[in-house]
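K.L.:
take this sequence and fold it.
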Amino acid sequence: MPRKKPWTLMVYLAGDNNLTEEMAWSLQELKRTTKELGRNARHINVVAHFDPRGSRSRRYDMLPPSSINKPVPPAQLDGNLESFESVRYVLPPATGPSLSSSGASNNASEAHSPLQELQAFVRNEIERLHDAKEFFVVLSGHGSGAVGDFLMDLDPTTSLSIPELARILKLGRNAYKAKHHREKKIAVLGMDTCLMSNAEVCFEIRDHAKYLVASEGWVPNAGWPYHRVMEAIVDPTNGPVRAPDAVAKRVAESYSAFYRDYEVAGISTDIAVCDLDAFRPGGVLVRLLRHFTSQCIPRLEAEYTLDVLASADVQPGQALPQAPKLLRKLSRSIARALVPKPGTERAALEQKLDGTAGAASGFQRGRNGKLRDLSASQLEALRALLDSIEGRYHLDRENLEARAKKRAKRLMAELNQPSSVQNALAAARVLREFDPGVLEALRRVEQLDANKNPLAMRARCELQKLHQVRWFLDLKKLVSASGLSDASPRLRDVFVSARWHAQSFKGGIYVDLFDLCRCLESRLSTNDPLWQTCREIQDVVGGSGTGERVVLLSRHTGRDFQHAHGLSVYFPVQARDYSAAYENLELAEQTGWGRLVRAYLCLTRRGRRDESRHWVKADDQVQRYGEEEIDPLEMDDCIEARIAGVTGRLAKGSLFSADKVRSGTDKRVRSPFPEKGKGGVPGKIRGGVPGKIRGGVPGKIRGGVPGKIRGEDVLGAWGNPPDGFFRQQDS
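P.N.:
Below you'll find the predicted structure:
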């Protein structure tokens with residue numbers, strides 16, 4: 001019986017984009033290095049799948065060479081790459097694999113998406129080479145981090161999301177289990193793409209791989225030096241390196257050493273090795289992140305509440321000037337548009353709209369029904385209030401209806417007299433979602449819309465402002481009713497300063513977790529409980545502590561990423577960069593990180609200029625967010641979105657919808673290659689024209705926009721970067 005080989009290296013090259021030429025070079029490196037390994041080549045299987053631009057996909061067996069190629073072609077020669085093409089699978093796993101020879105063309109296979117091809121590659125090759133002791137899988141192409149498209153092609157609709165990637169990796173585990181009747185994780189998962197050394201990514205794939213080798217920032221267009229990768233797995237002199245963590249570290253070290261020579265050309269890189277076992281739901285890091293958010297969210301939301309009241313020069317004890325008159329004016333205008341003839345019906349609607357009926361009574365009536373009859377946004381508002389009351393800010397698997405029933409009396413008390421400023425904000429949101437007058441007006445507006453009545457548009461415009469004024473007054477009333485004030489130390493200025501200085505990626509959408517906590521710690525008092533939490537997160541991520549450590553190795557070259565410590569997290573600095581798809585990621589649910597980001601963005605975003613003055617103008621429509629007309633920090637099916645008439649865009653991703661889809665991506669993506677190089681093909685120009693980037697900005701990166709980058713729009717934008725750097729010293 002033949003002995004098991006220590007390693008199988010599987011490389012998937014998503015090259016239907018501006019990376020095609022560089023990936024052909026990667027294949028040449030893999031082929032040539034198989035010869036350079038000499039006798040030690042017997043210790044490794046090497047297989048690659050290449051999806052090039054303008055041609056069919058190809059499968060290559062480098063070690064051992066494909067059985068259909070006799071005699072074995074000489075690997076050290078150029079010009080014979082096609083001799084290593086193997087029998088290839090042309091049907092997705094769901095249908096079952098069928099085979100064709102390397103030279104044959106198959107129309108069915110040409111129509112397959114990269115998703116199907118990656119599924120087939122991972123599942124079929126692990127099944128075929130199941131006798132290997134360990135698997136090293138490398139995914140090479142464009143990356144965008146936790147939120148955005150992964151392995152993007154010229155057609156962005158064929159790209160993957162991170163939850164979809166996790167499902168594909170699970171197929172590989174199932175293929176191995178079918179052969180050996182036991183579970184086995186991929187030993188090392190390599191990401192030859194931008195922005196993938198990310199906490200959310202690690203959490204999604206934690207069950208399917210042991211170690212992740214990836215970069216927080218961008219990866220140069222040339223990608224990984226695959227001759228060094230193979231030498232890190234199987235040393236040409238000493239044979240195979242058997243420990244997966246040692247292999248992962250050797251690959252990261254080789255990558256960093258390779259690109260250190262590029263510092264003279266102004267190139268900066270980073271790479272890290274993460275232990276994915278640290279991302280288990282009960283692990284120390286997840287517990288600390290949950291603790292971090294539970295300390296920050298109440299303070300940030302309380303500050304936001306008081307800032308909202310102060311923005312219109314209204315203190316908790318004051319009344320909004322002309323508020324009753326304004327409400328009556330808006331209510332009459334809406335009622336006239338919705339009920340043409342005067343009478344008791346119009347009067348009743350006016351009474352509901354100006355608040356006489358009471359929003360709390362509307363909530364009481366809604367609560368008497370089944371929770372499944374409520375909208376997703378009503379359920380989310382109810383959960384947010386329960387979380388505020390109970391002091392937890394992550395999506396709990398416990399039945400929401402049971403929680404609401406258990407806390408029924410407390411809920412009604414908080415809706416009338418909240419016990420904290422943060423609870424007042426959550427209570428105002430509940431009242432907003434259950435407002436009986438607004439809901440009745442919405443029902444009538446939608447009826448007019450169905451009949452194409454032009455009065456519906458006017459009613460929507462008025463309803464937008466009435467809804468905002470009512471929410472503002474409810475919030476003021478709730479805060480003033482209990483005489484609440486913010487007694488805790490202000491956190492906003494500290495957080496803004498720390499977030500501004502911390503190492504960022506992709507134009508400020510991601511931030512280095514270690515560096516964010518270090519910047520926060522340096523600005524907080526040692527008496528602040530958050531100070532200790534920041535210290536503990538640093539120790540777990542990559543500190544010198546003796547306990548669990550997430551980042552086993554972190555390396556950087558050049559200036560741009562010198563404050564990278566190996567693990568980033570989603571934290572956009574602008575509301576327009578926030579994606580509702582983030583709520584579909586497991587880390588956002590388990591730790592409350594999504595709510596923390598929304599709290600920060602709400603607190604730091606400027607309000608509309610002269611907003612209270614425009615409330616009084618009954619014919620002045622609220623203009624918002626271009627084509628979408630919805631605040632990105634709100635759920636797409638919330639009452640505000642229904643009023644604007646733009647519901648349903650992400651309804652399947654809502655937290656409580658029955659048909660929830662963990663897509664993790666917003667498919668409204670423009671083509672990543674709007675500019676073209678010579679001959680109308682993007683990415684083939686030498687000389688100052690975008691065309692050499694695996695990423696998204698003219699430069700040197702792997703990503704998703706013409707140029708040199710693996711990672712759409714990934715140039716690191718951080719506050720005021722240093723004018724030089726010191727080389728990292730080897731530890």
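K.L.:
for the stretch 1-150 of the chain, which segments count as helices?
P.N.:
Assigned by DSSP state H, counting those that start in this stretch, the helices in the stretch 1-150 of the chain fall at 20-36, 107-110, 114-128.
K.L.:
list the buried residues of the first one.
P.N.:
Within helix 20-36, the residues scored as buried using 16 or more other C-beta atoms under 10 Å are 20, 22-23, 26-34. Yep, even glycine has a C-beta here, placed from its N, CA and C like the rest.
K.L.:
re the thing from before, go through the helices of the stretch 1-150 of the chain and find the least confident stretch.
P.N.:
Lowest mean pLDDT within the helices of the stretch 1-150 of the chain: helix 107-110, a mean of 38.
K.L.:
could you count how many residues lie near Gly508?
P.N.:
For Gly508, the count of nearby residues is 19 (other C-beta atoms under 10 Å).
K.L.:
so after the helix or strand containing Ser294, what's the next helix or strand?
P.N.:
For Ser294, the host element (DSSP states H and E) is helix 284-311. Downstream of helix 284-311, the first helix or strand assigned by DSSP H and E is helix 323-338.
K.L.:
what residues does that following helix touch?
P.N.:
Residues outside helix 323-338 that contact it (C-beta atoms under 8 Å, 6 or more residues apart in numbering): 320, 346-347, 349-350, 353-355, 437, 441, 444-445, 448, 455-456, 458-459, 462-463, 465-466, 469-470, 473, 615-616, 618.
K.L.:
for ChimeraX, write a command that selects the buried ones of these.
P.N.:
Entered in ChimeraX, the line below selects the buried ones among those, by 16+ other C-beta under 10 Å:
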select :320,346,349,350,353,354,355,437,441,444,445,448,455,456,458,459,462,463,465,466,469,470,473,615,618
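K.L.:
tell me the mean pLDDT for stretch 414-422?
P.N.:
Mean pLDDT, stretch 414-422: 90.
K.L.:
start and end of that stretch, how far apart?
P.N.:
End-to-end distance of stretch 414-422 (C-alpha to C-alpha, to the nearest Å): 11 Å.
K.L.:
check which residues of that stretch are buried.
P.N.:
By neighbour count on 16+ other C-beta under 10 Å, the buried set for stretch 414-422 is 414-415, 418, 420-422.
K.L.:
buried stuff in stretch 54-70?
P.N.:
56-63, 65-66, 69.
K.L.:
circling back: the helices of the stretch 1-150 of the chain into CSV, with extra columns for distance to Ser144?
P.N.:
What follows is the helices of the stretch 1-150 of the chain, written out as CSV (distance: least, C-beta to C-beta, whole Å):
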stretch, distance to Ser144
helix 20-36, 18
helix 107-110, 26
helix 114-128, 15
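K.L.:
in the stretch 151-300 of the chain, which segments are predicted with low confidence?
P.N.:
156-157 (pLDDT under 70).
K.L.:
quick one, helices of it?
P.N.:
Counting by DSSP H, counting those that start in this stretch, the stretch 151-300 of the chain has these helices, from start to end: 162-180, 199-205, 226-233, 244-260, 284-311.
K.L.:
thinking again about what came up before, by contact count, what packs against the helix holding Ser294?
P.N.:
Counting contacts by 3 or more C-beta pairs under 8 Å, 6 or more residues apart in numbering; DSSP states H and E, helix 284-311 packs against helix 199-205, helix 421-433, helix 455-481, helix 492-501, helix 529-542, helix 586-591, helix 593-604.
K.L.:
relative to helix 529-542, how tilted is it?
P.N.:
140 degrees (axes from the mean of the first three to the mean of the last three C-alpha atoms, to 10 degrees).
K.L.:
quick check: buried residues in helix 284-311?
P.N.:
Within helix 284-311, the residues that count as buried by 16+ other C-beta under 10 Å are 284-286, 288-306, 308-309.
K.L.:
does Arg280 touch Phe203 like I think?
P.N.:
No. Using C-beta atoms under 8 Å, Arg280 makes no contact with Phe203, being 9.1 Å away.
K.L.:
which residues are common contacts for those two?
P.N.:
Common neighbours of Arg280 and Phe203 are listed as Val286 (criterion: C-beta under 8 Å, 6+ apart).
K.L.:
looking at these two, which one has more neighbours?
P.N.:
More crowded of Arg280 and Phe203, by other C-beta under 10 Å: Phe203, with 28 against 13.
K.L.:
for the closest residue to that one other than its chain neighbours, grab the count of nearby residues.
P.N.:
Closest residue in space to Phe203, ignoring its immediate chain neighbours: Leu587 at 4.1 Å, by C-beta to C-beta, 6 or more residues apart in numbering. Look at Leu587: counted by other C-beta under 10 Å, it has 26 neighbours.
K.L.:
residue contacts, Leu587?
P.N.:
By C-beta under 8 Å, 6+ apart, Leu587 lies in contact with 146, 199-200, 203-204, 279, 286, 289, 593.
K.L.:
and those as TSV, adding distance to Ala498?
P.N.:
Listed next are these as TSV, based on distance: C-beta to C-beta, whole Å:
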residue	distance to Ala498
Ala146	21
Ala199	17
Glu200	20
Phe203	23
Glu204	27
Phe279	24
Val286	22
Leu289	16
Trp593	16
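K.L.:
Glu536: which of these is nearest?
P.N.:
Leu289 (10.6 Å; C-beta to C-beta).
K.L.:
distance check, that closest one against Asp275.
P.N.:
Note on Leu289: its distance to Asp275, by C-beta to C-beta, to the nearest Å, is 16 Å.
K.L.:
how much space between Ala41 and Leu195?
P.N.:
Computed as C-beta to C-beta, the Ala41 to Leu195 distance reads 34 Å.
K.L.:
the more surrounded of those two?
P.N.:
Neighbour comparison, Ala41 and Leu195: the larger count goes to Leu195, with 37 against 20 (by other C-beta under 10 Å).
K.L.:
for Ser568, name its beta-bridge partners.
P.N.:
Asn198, Asp512 (DSSP bridges).
K.L.:
and it, what does it touch?
P.N.:
Ser568 neighbours (C-beta under 8 Å, 6+ apart): 145, 195, 197-199, 216, 505, 510-513.
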